[in-house]
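> Sequence first, predicted model second:
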Amino acid sequence: MTFVAKPRVHHPLLPINDIGLTRRDYEGSVSTLCAGCGHDSVSAAVIAACAELSIPPHRFAKVSGIGCSSKTPSYFLDKSHGFNSVHGRMPSVATGANLANRSLYCIGVSGDGDSASIGLGQFAHIVRRRINMLYLVDNNGTYGLTKGQFSATNDKGSTSKRGVPNLYEPIDLVTLALQLGASFVARSFSGDKRQLVPLIKAGIKHHGFALIDVISPCVAFNNHSGSTKSYDYVRHHSESVTKIDYVESGQEITADYEPGTTEDVEMPDGSTLRLSKVDANFDPHDRIKALQYVQRRQSEGEVVTGLLYVDPESPDCHDILETIDTPLNELDFADLCPGNAALAPINQSFR
Amino acid sequence: MSVSYNDFVIRFANVNGSGSASANGMFAKALFRMGIPVATRNIFPSNIEVLPTWFEVRVSDVGYMGRREGVDIMVAMNAETYDEDIAAIKPGGVLLYDNSAALSANRRRSDIREYGIPIAQLMLPEFKDQNQRSLFKNICYLGALAELLNIEFDVISGMVETQFAAKQKLIQPNIHALAVGRKYAREYLAHPFPYQVKRSTAVGDRIMIDGNTAAGIGAVFGGATVCAWYPITPSTSLAEGFEKYAHQLRVDKTTGKNKFAIVQAEDELSAMGIVIGAGWNGARAFTATSGPGVSLMSEFLGLAYFAEIPAVLFDVQRSGPSTGMPTRTQQGDLISAAYASHGDTKHVLLFPSTPRECFDFAADALDLADRLQTPIIVMSDLELGMNDNLSEPLSWDEGRVHDRGKVLDAAGLDAAATFGRYLDVDGDGIGYRTYPGTHPEKGSFFTRGTSRDEYARYTESPEIYGRNMARLQLKWQTARKLVPQAEINSRGHAAGIIYYGTSASPMQETIDLLSEDRIAVDQMRIRSFPFGPEVEKFIDEHDFLFVVDQNRDAQMKTLLVNELSLDPNSLVSILYFEGLSISADTIREQVQTYFNQNKLPRLTGVKS
C-alpha cells in the first residue's frame, strides 16, 4: 500500500461554498488507517470545516509529527502543502512555518505519543510562544503503529487490550495548555461531528494558539471495555459544557437557543462565536475556573468537552515579535539586503 | 638595554568578573588604532565570577596573528595564578604586578625583569568606593603600560571617552586612574622598557572584529529573516550580533515593524526545527550552536537532507567531547557535522578563516542552502568567533543579489508541463520546489522524512528509493562545483601542507620559520566540504602532505581519506587539541620532526 489518489467525481447535489468549491475540493488521498479509526472522523471534520469556511485550500499549511495521527494531513486538503516532520517536533516546524508566512492558515496534527510523550517539551513551548495555528491532537491513549503500548495520556488504571492496567499518571494536554497561556482550548470527541466541526472552524479563525484535544478511539488497540479512550467510555462519560456555532462576518445570526444562555464572542476578523453554556456555572473566559472545572470533573471520571477557554484579544507570536505585516518569505532583495553603502559606518565602528 | 618595537606577546592574568575585560580590550584597541597589527585571545573560564581568566595580545608589525608560545610581558593581577603566570614568561621578559603585597622570594626568577606597581595602595586614597577602587586597578595598570610601552596617551584617553560616552560621569575618574598609573611608571620604574610600540601603517584599512559578529552581519546582508537559537558558548554572540544589526538595518521605516523574527528556542532541537519549518515555507533561516547542539540537531539535519529543505547552521566549535572545555577552542566537530544523522547522510561544510570570511560565508551559506536545498553548516570555532581579529573590511559586491535557487511561482507552475517536487529536470540532482500557498491548483506536495517518489508520494518501492538516493548523490557532485574552492599557493615543492579554518592564522609565520630550517612547503587552505577537484589535484601533485587538524583524531584527514579514497599513509597529521589555538611553533616542530625522522632532503641555496 503506497499512495492512492481519490477519484474526482463530484456528486451534482454537493453543496457549493462561497468560493465555488465543494467538500471534495478539500479532500486528500485515501486514508490508510484502520476502518473505524477515530482519526478519519477528525480528518472528515477538518474537510467539512475548511469547506464551510470557504478558505481556498491552498492557503493552508499542514504540519504533523510522526504516528497514525500525523499521517492524516495526507487525507485532507491535497491542494495545500503538508509537512510530515519528525516525532514530537511538529511544534518547532510549525513555529518556523508560521514565522515565514503569517498569511497562511496553519493546521498542526499530532497525537498523544507525539505531543504528550516525546514531544511534551515542544508542545509546552509552542503554547508559550502563542503561534497562530490550530493544533489538533488525535488522542487515543495508545501507540498504534507499534501495536498498542500505553501513551502518556492514558488514564491510570485503564487497561490494555490484554487486560494489563496502566500504572502511571496521565498527562492532560488541555490543563497543560490552560496553564501555559493558550488562548483557545477545547476538547472534543471524534464521534461527535456536530461539536467538532464548529470547534475546528473557530480554532482555524482564532488569532493565536488554538488547541483541540480530540479523544479519537483506536479501534485496533484501545477500544475495549477496560479502556477510558474507547467509543463506549467516552460516549457514556463525556459532558459537553459549551456548544458553539461559528458565524461568518456579515452572516445573519439565526439562533435557536433559549434567551439568556448564549453569548456572542467577537473574533478579531469580524466573525462571531455563538457560545451557549450547558452548565451555567461554567465560564469559558476564566482560565483558572476552567482549569478547576476540568480537573474536578476529570477526578470524577468524566470527560469534559466543548470550548473550555477562549480569549479572542490575546496577541500571537508575530504581535509579540512585532514583525511586519508582509509575510517574511515575500520580502525581496531590496527589503533584506542593506547594500554595500551600509557597511561603511559598520566598518568604521570596528576601527 | 635593547628595545624591540611592535613585536611582543603580552598576557593579562585577571580574576573573572573583576572588570578587567574592558581595560584589556582598550589596550589592544589602542595599539590597533596606532596602526599596529594585534591579535587578541581571551582565555576565559566557564564561570561568572572568581575563577582565573587571561587575555593575551600578540603584537606583530609583520602581521603574524597566530598564537605564539611564551609570554614577553606578563601583567599578573591574580595572586592565585602567580606560579603558572611567572613560569610562562620567556627569559628576558617582564613581570608586571601589584607589589602592594610583596612577591615571595621562592617565586622570583633571576632571568626576568620585575616591574612592581603598588596599584592597590595607589588606588586607596584616590577612590572612596570599594567597587571603584577595584575596577580602576585595571585602568591604573593600563596607564602604567601606556607610559612604559609608549602608547599615545591621546589614543587611550580618547578610547575611554568613547567607551563611556553613555556614562559621562565615569570618564573623568577613568582618565584620572590612567594618569595615576602613568605618573607612577614615569617616576619610579626603569626606562627604557624593553618592549615598546610606535605608530605603524601595517594595519591598513583593516578592521578589528570578532567572527560571530561578522557572521551575524553577514546573515543580515544574506537575507536571513528567521533566526532560531539556543544559548551556548561560544555561539551566543552570533545570534546576538544578528539581532543587533537586524534592529539597525531591517526595521520598516513607515511602520516601525521588523523584517525579521528571532526566537530563542527551548533547546537546539527546536531551534533547528524552526529553521527547517521556515526554510520549507520560503524564508531564509539559520541557527547558531556548538558541538553539543549539533549532536541534538542531528535528527533534524537528517530530515532536512532527505526532505531537501534549505537550512543554515553555524557551528562555533569548542573543545569536546561532551561538555568538554566549553570555553576553549577546537576543530572537533568535522566528522559529527559532515555525517550528522543516521543513514546515508552528508552535509556541506564551509570553513571560514577570518571575520571577513565569516561575513561572506554567512551570505554564501544562505545562497547555497537555497540552491542545493539542503543544510549548509559553517564551521567556525571559539578562536575565530569570540576573539577580536584583524580582518579585511566587510564588503558587499553591489552587483550581487540573493540566489533563491529553483523555486517555481504561480506563473512558473502554469508554464510547466508537469510538476514533481523531486523530478530531476535539469540533470543536476536538484528538483524545483514551491512555497506553500503559491497556486490554487498546482504545485502542492507533501514533505516527509519517509521515502517518496519524484512526485513526493509515499512509496516503499525498492527501485524508487534507490533512484532517489542516487539522485541525492548526484546532487552532492553538483555541490562540489558550487562550494568555495580551496585557496592554493603552489610553487612546485615536493611537500604540501593542508589546513583550514583558524589554522590559517599561524600559517605565514610557520612558512617563514620552516624556511629558516630550509624546509619549503606548498599550501592549500580548504574552504569547504565536499572537496572540489582542485583539492584532489593538489594532493596528486605532492609527494608528501601534512594535514593540520586542531583535534585529536585527525578529522580533516579522515574526511580526505574517506571521500577521496586516499591511502591513509599518504597524509601526515599535524595535531593540536589542548584548547588554545594552534601556534606556528607547534606546526614547525611537528614538520621538522617528520623531516628529521624520515631523513627528507632540505632545500639548498636560497629559499623559494
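Received the coordinates, thanks.
> For chain A, which helix extends over the most residues?
Ranked by residue count, the top helix of chain A under DSSP state H comes out as helix A:38-53.
> Which strands or helices does whichever helix or strand comes after it pack on?
For helix A:38-53, the following helix or strand on the C-terminal side (DSSP states H and E) is strand A:60-64. If you count contacts as 3 or more C-beta pairs under 8 Å, 6 or more residues apart in numbering or on different chains; DSSP states H and E, strand A:60-64 packs onto strand A:81-84, helix A:90-100, strand A:105-111. No exception for glycine: its C-beta is placed from N, CA and C like everyone else's.
> wait, which of these is closest to B:Leu560?
Distance to B:Leu560, taken as C-beta to C-beta, is lowest for helix A:90-100 among these, at 34.8 Å.
> So is that closest one next to chain B?
Yes. In terms of C-beta under 8 Å from any C-beta of the partner chain, part of helix A:90-100 sits within range of chain B, namely A:91-100.
> report the angle between the axes of that helix and strand A:60-64?
The directions of helix A:90-100 and strand A:60-64 differ by 160 degrees, with axes from the mean of the first three to the mean of the last three C-alpha atoms, to 10 degrees as the criterion.
> Need the CA coordinates for helix A:90-100. CSV is fine.
Extracted in CSV, the C-alpha atoms of helix A:90-100 (Å, rounded to 0.1, in the frame of the first residue of the first chain):
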residue,chain,number,x,y,z
MET,A,90,5.9,19.3,14.8
PRO,A,91,5.6,22.4,17.1
SER,A,92,9.0,23.7,16.1
VAL,A,93,8.4,23.1,12.4
ALA,A,94,5.0,24.8,12.8
THR,A,95,6.7,27.8,14.5
GLY,A,96,9.2,28.2,11.7
ALA,A,97,6.4,27.9,9.1
ASN,A,98,4.3,30.4,10.8
LEU,A,99,7.2,32.9,11.2
ALA,A,100,8.0,32.6,7.5
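> Same question for that helix: list its buried residues.
By 16 or more other C-beta atoms under 10 Å in any protein chain shown, the buried positions in helix A:90-100 come out as A:90-100.
> where exactly do the helices run in the stretch 51-200 of chain B?
Chain-ordered helices for the stretch 51-200 of chain B, with DSSP state H, counting those that start in this stretch as the definition, fall at B:82-87, B:119-126, B:130-149, B:153-163, B:171-188.
> just to revisit the earlier point, which one, of the helices and strands packed on strand A:60-64, ends up nearest to B:Gln121?
helix A:90-100 (57.5 Å).
> That closest one packs against which elements?
Contact here means 3+ C-beta pairs under 8 Å, 6+ apart; on that basis helix A:90-100 packs against strand A:60-64, strand A:105-111, helix A:120-129, strand A:133-139, helix A:317-321, strand B:226-229, strand B:261-264, helix B:268-280.
> mind listing the helices in the stretch 501-608 of chain B by residue range?
Secondary structure of the stretch 501-608 of chain B by DSSP H, counting those that start in this stretch: the helices cover B:507-516, B:533-540, B:555-564, B:584-597.
> so where's chain A uncertain?
Low-confidence regions of chain A, defined here as pLDDT under 70, cover residues A:1-3, A:7-10, A:250, A:252-261.
> Please disregard the earlier target; I meant chain B.
Counting by pLDDT under 70, the ranges of chain B that qualify are B:1, B:604-608.
> Can you pull up the most central residue in it?
With distances taken as C-alpha atoms, centre = their mean, the residue of chain B nearest its centroid is B:Leu384 (2.1 Å).
> mind checking the SS state of that one?
helix (DSSP: H, G, I helix; E, B strand; the rest coil).
> quick revisit: the helices and strands packed on helix A:90-100 into TSV, with extra columns for distance to B:Ala28?
As requested, the helices and strands packed on helix A:90-100 are exported to TSV (distance: least, C-beta to C-beta, whole Å):
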stretch	distance to B:Ala28
strand A:60-64	49
strand A:105-111	49
helix A:120-129	40
strand A:133-139	49
helix A:317-321	36
strand B:226-229	28
strand B:261-264	30
helix B:268-280	33
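> for the stretch 201-350 of chain A, what spans make up the strands?
Listed in chain order, the strands of the stretch 201-350 of chain A (DSSP state E, counting those that start in this stretch) span A:209-215, A:238-240, A:242-247, A:262-266, A:272-277, A:303-310.
> just so I know, which of these lies nearest B:Ile511?
For B:Ile511, the closest of the strands of the stretch 201-350 of chain A is strand A:209-215, at 59.0 Å, according to C-beta to C-beta.
> Direction-wise, compare that closest one with helix A:120-129 and give the angle.
What separates the directions of strand A:209-215 and helix A:120-129 is an angle of 140 degrees, with the same axes, to 10 degrees.
> where do the helices sit along the stretch 151-300 of chain A?
If you assign secondary structure with DSSP H, counting those that start in this stretch, the helices in the stretch 151-300 of chain A sit at A:173-179, A:193-205, A:231-237, A:287-299.
> export those helices to TSV and tack on mean neighbour count?
As requested, the helices of the stretch 151-300 of chain A are exported to TSV (neighbours: other C-beta atoms under 10 Å in any protein chain shown):
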stretch	mean neighbour count
helix A:173-179	22
helix A:193-205	23
helix A:231-237	16
helix A:287-299	16
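> quick one: contacts for A:Val185?
The neighbours of A:Val185, taking C-beta atoms under 8 Å, 6 or more residues apart in numbering or on different chains as the test, are A:174, A:177-178, A:210-211, A:290, A:307-310.
> Any idea which of the helices of the stretch 151-300 of chain A gets closest to B:Ser573?
Between B:Ser573 and these, the shortest separation by C-beta to C-beta is 52.2 Å, and it involves helix A:173-179.
> which residues touch that closest one?
For helix A:173-179, the external contacting residues (C-beta under 8 Å, 6+ apart) are A:112, A:115-116, A:123-124, A:127, A:137, A:139, A:153, A:185, A:187, A:209, A:211, A:213, A:287, A:290-291, A:294-295, A:308-309.
> closest to chain A out of the helices of the stretch 501-608 of chain B?
Evaluated with C-beta to the nearest C-beta, the helices of the stretch 501-608 of chain B place helix B:507-516 nearest to chain A, the distance being 22.5 Å.
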